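S.K.: Here you go, sequence then predicted model.
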Amino acid sequence: MILRVDGLDFQYRSTPVLRDVHFSVDEGEVLAIMGPNGVGKTTLLKCMNAIHRPSGGCVLVDEADVFRLRPDQIARRLGYVSQRAETGRMTTFDAVLMGRKPHIRWHVSEHDLRIVDSALKRLRLEKLSLRYLDEMSGGEVQKVCIARALVQEPRILLLDEPTSSLDLRNQVEILGLVRAVVRSHNVAAVMTMHDLNQALRHADKFVFLRGGAIHAAASRDEVTETMIEDVYGVRVQMVQVAGRPVVIPMDDTEERLLREHDHIHHQEYGISQ
């Protein structure tokens, strides 16, 4: 077991956000944290990376308590890619090289440069190495952020909505890359996602959050229509396409939501039905 989250609680001021969250991830696994907006997915990732301090529980990476480690020690174990990448007047090469900071002592070594060069090639960014981030597309910037996390040589990648605002080609490429890195480097990845079908294609394990707590935890083969319906409030059907599970929202769900909207509208404006 490479990662264990044990009894994690978090609150903003006096408002509970996460309650008694438990799960674990092994080497070579990708875990997807799923749930509707505002349920605490990003907050959970930030707690795991010690950006937020939980009110209870612990996060263990190779049995080391993250909350007792120095920032540089955390960065060697956890590579975090936020949902909103900051762009600026920095080249791709320099941005990726920043990921080596936890390992650099007195100066940048040839070893550091080789690791950066390897990451740029792996993500096919070598031709953009001198391009400024503020001149690049969203997909290109996202690849730079992942490359920066990879050169940290972490045990675990934490990715917050890694395919947010990306086109289909970039979604498939980035998630495929994460899958390949996890398998080839014997590390693990935890990512928050909204796209159920992309998650079912690329993740091994799932944690479904509801009301700040885990409603269900399952492997890909154990995910059910009922789990999805309970968490998202949408009736769905799961079918197999080319040997892969695909989630299809049912047509009557849209009709029901429209009826509920019309009912609320009539109540607000006193319109008789």
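M.R.: Looks like it arrived, so ask away.
S.K.: Who does the residue most central in space within the chain form a beta bridge with?
M.R.: The residue lying closest to the centre of the chain (C-alpha atoms, centre = their mean) is Met191, at 2.2 Å. Beta bridges link Met191 to Ala32, Leu159, judged by DSSP bridges.
S.K.: In contact with it, which residues are there?
M.R.: Applying C-beta atoms under 8 Å, 6 or more residues apart in numbering, we find Met191 in contact with Val30, Leu31, Ala32, Ile33, Leu157, Leu158, Leu159, Asp160, Glu161, Pro162, Val178, Ala203. For every residue, glycine as well, the C-beta is placed using N, CA and C.
S.K.: Next, format these as TSV and append neighbour count.
M.R.: Below are the contacts of Met191 laid out as TSV (neighbours: other C-beta atoms under 10 Å):
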residue	neighbour count
Val30	24
Leu31	22
Ala32	25
Ile33	28
Leu157	24
Leu158	25
Leu159	27
Asp160	21
Glu161	20
Pro162	26
Val178	22
Ala203	25
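S.K.: Which one of the residues you listed is nearest to Leu78?
M.R.: The shortest approach to Leu78 among the contacts of Met191 belongs to Leu158, at 5.8 Å (C-beta to C-beta).
S.K.: quick one: that closest one and Val108, what's the gap?
M.R.: Separation of Leu158 from Val108 (C-beta to C-beta, to the nearest Å): 25 Å.
S.K.: remind me which residues of this protein are low pLDDT?
M.R.: Applying pLDDT under 70 to the chain flags the ranges 85-87, 252-273.
S.K.: Show me it divided up by domain.
M.R.: For the chain, automatic domain parsing gives the domain ranges 3-224, 234-273.
S.K.: Deepest in the core, which of those domains is it.
M.R.: Highest mean neighbour count among these (mean count of other C-beta atoms under 10 Å): domain 3-224, with a mean of 18.
S.K.: What is the end-to-end distance of that domain?
M.R.: 25 Å (C-alpha to C-alpha, to the nearest Å).
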